[in-house]
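J.: build the 3D model from these lines:
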Amino acid sequence: MLNISPHNRVTTSTESYQSFKIIESNKYKSIIKRGIYVSIILFVSIVFLPWTQNIRSMGNVTTLKPEQRPQTIHNVIPGRIEKWYVKEGDFVKRGDTIIFISEVKDEYFDTLLIDRTGQQIKAKELTVISYMEKVKALDNQIDAISRTQLLKLEQTENKLKQSYLKVATDSMSYEAEKLNYSISIEQYKRMQELNKQGLKSLTDLETRKLKMQELQANVFSQENKLLTSRNEVINARIELTTVNAEYQDKLAKAESDKFSALSILYDSEIAVTKMQIQFMNYSVRSGMYYVTAPQDGYITKAIQSGLGETLKEGEEIVSIMPSDYELAVEMYVAPIDLPLLELGQNIRVQFDGWPAVVFSGWPNISYGTYSGKIVAIDNFISNNGKYRLLIAPDKTSYAWPKALRIGAGANSIALLKEVPIWYELWRKTNGFPPDYYKPSALKKQ
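T.: Below is the predicted model of the structure:
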């Protein structure tokens, strides 16, 4: 059991301890009180000092335009390395030859492939010209047949009209002969009556009878002529139909030959066009054996090496760094901070390798940081779960170091609203985001 009886209390004397003597001294009590008061006053003064809210992010140096960034040069066609014209670190201008490759596909081995393809095109073009001339000749033939048909039809129609007129004439002559014959019959009958009465002699009667028989023969002859004329009308109609059918057949045959020639002509033109495309492809391909630099820059790395090595289509050969570029910094911010940033907003940047003293809350007293402006904000989140921002140099401030290289690290500080330190401490303690704030320059826009 515990011994807590009042009679067993342990008493300790403080006189033997020097520290208790110092604390109990009035001199040291006043110093401690003053120190505590000064600390409180300093703390209260500091927490009311202004503090610039900011968003810090790590990034790297890049270029402002995509075509100014490091790139790799590829071969467009497959081939075999025959000769190198550059080495790593060389400066090349746009159009300078980097590497020469030879052909590896057997269909392109012929050294006179382009010339022979051109000869084939010329031969096929002559075929096209010959068929064009044939079509023109057939057009002339069709025109001649059409004109001859019109003339022949006109001639046959005139013949048919003549036949109609002859039928009409023969018909009238036939009617006249019939009338004469009928009159001669009446006259013969009267002559018989007169002969019976003894007024006319037998000789007169026989003369009249002979005259009647002649007129009867004339009727038969004229009727025969009329039938012949009608047959001529029928023959003229048949001839008109035959002429029309004959010339239509000639026209159809000539037009058939023309369309056949046109079909062959169009096929030949298609063949010429295909061969011209092939000729151009061969010409362009022959210029791809020399891989050239797309822009001025420095050869940084030879990805392929050696001679006689086979390259696939679109394979990387060398990497090149453009010599003319505009620096920029890309930084990544969390989605919660994205609404706080706007285009044209001021950013302070610290570059790796450049000494700097950074007070993120007091940018005016920081040393070694450079000013920049936000020029682009991605609308789609990156693979790291953050949004990418592109920062360009602020032309109104100090220029960025000339010795900067693309790919160098950068620490970016986005400046936001100015608040007291106590507010910033309270905000961070509660895990709140910085205040939403737009610069006054952006508000005026």
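J.: any stretches of the stretch 151-300 of the chain with poor pLDDT?
T.: Flagging of the stretch 151-300 of the chain using pLDDT under 70 yields an empty set of residue ranges.
J.: show me the strands in it, by range?
T.: With strands called from DSSP state E, counting those that start in this stretch, the stretch 151-300 of the chain shows them at 290-292, 297-302.
J.: tell me who's in contact with the nearest residue to Asp296 once chain neighbours are set aside.
T.: Excluding its sequence neighbours, the residue lying closest to Asp296 (CB to CB, 6 or more residues apart in numbering) is Ser323, at 4.8 Å. (C-beta placed from N, C-alpha, C; glycine too.) By CB atoms under 8 Å, 6 or more residues apart in numbering, the contact set of Ser323 is 91, 296-298.
J.: can you report phi and psi for Ser323?
T.: Dihedral pair for Ser323: phi -80, psi -20, per degrees, to the nearest 10.
J.: save the contacts of Ser323 as a markdown table, and put in distance to Ile101 and neighbour count too.
T.: Formatted as a markdown table, the contacts of Ser323 follow (distance: CB to CB, whole Å; neighbours: other CB atoms under 10 Å):
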| residue | distance to Ile101 | neighbour count |
| --- | --- | --- |
| Phe91 | 23 | 12 |
| Asp296 | 23 | 15 |
| Gly297 | 21 | 23 |
| Tyr298 | 22 | 16 |
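J.: quick check: Ser371 is in a strand.
T.: Yes. Assessed with DSSP: H, G, I helix; E, B strand; the rest coil, Ser371 lies in a strand.
J.: list the contacts for it?
T.: 346-349, 393-394, 396-398.
J.: helices of the stretch 201-350 of the chain, start to end?
T.: In the stretch 201-350 of the chain, the segments counted as helices under DSSP state H, counting those that start in this stretch are 202-286.
J.: count the residues that sit near Met172.
T.: Residues lying near Met172 (other CB atoms under 10 Å) number 12.
J.: then Gly372?
T.: With other CB under 10 Å as criterion, Gly372 counts 26.
J.: what's across from it in the sheet?
T.: Ile347, Pro393 (DSSP bridges).
J.: okay but it is in contact with Lys395, surely?
T.: No. Using CB atoms under 8 Å, Gly372 is not in contact with Lys395; the gap is 10.2 Å.
J.: in CSV, list the contacts of Ser371 along with pLDDT, neighbour count and distance to Thr169.
T.: Below are the contacts of Ser371 laid out as CSV (pLDDT from 0 to 100; neighbours: other CB atoms under 10 Å; distance: CB to CB, whole Å):
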residue, pLDDT, neighbour count, distance to Thr169
Asn346, 82, 18, 119
Ile347, 82, 26, 118
Arg348, 81, 24, 124
Val349, 83, 22, 120
Pro393, 90, 20, 115
Asp394, 87, 17, 117
Thr396, 84, 7, 117
Ser397, 82, 13, 121
Tyr398, 81, 10, 123
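J.: pull the most distant pair out of those.
T.: Val349 and Thr396 (14.9 Å; CB to CB).
J.: and the contacts of Ser323, which is closest to Tyr181?
T.: Using CB to CB, Asp296 comes nearest to Tyr181 of the contacts of Ser323, at 121.8 Å.
J.: ok, that closest one - contacts?
T.: 91-94, 322-324.
J.: which one of those sits closest to Met280?
T.: Arg94 (23.7 Å).
J.: pretty sure the closest one sits against Ile320.
T.: No. At 10.5 Å, Arg94 does not count as touching Ile320 under the criterion of CB under 8 Å.
J.: between these two, what contacts are shared?
T.: Common neighbours of Arg94 and Ile320 (CB under 8 Å, 6+ apart) are 293-295.
J.: out of the residues you listed, who's the most crowded?
T.: Ranked by the number of neighbours (other CB under 10 Å), the shared contacts of Arg94 and Ile320 place Ala293 first, at 22 neighbours.
J.: backbone torsions only: list them for that residue.
T.: phi -80, psi 130.
J.: shouldn't it be in contact with Met321?
T.: No. Here Ala293 lies out of contact with Met321, judged by CB under 8 Å, at a distance of 11.3 Å.
J.: would you mind listing the buried residues in stretch 300-315?
T.: The neighbour-count check on stretch 300-315 (16 or more other CB atoms under 10 Å) flags 302, 311 as buried.
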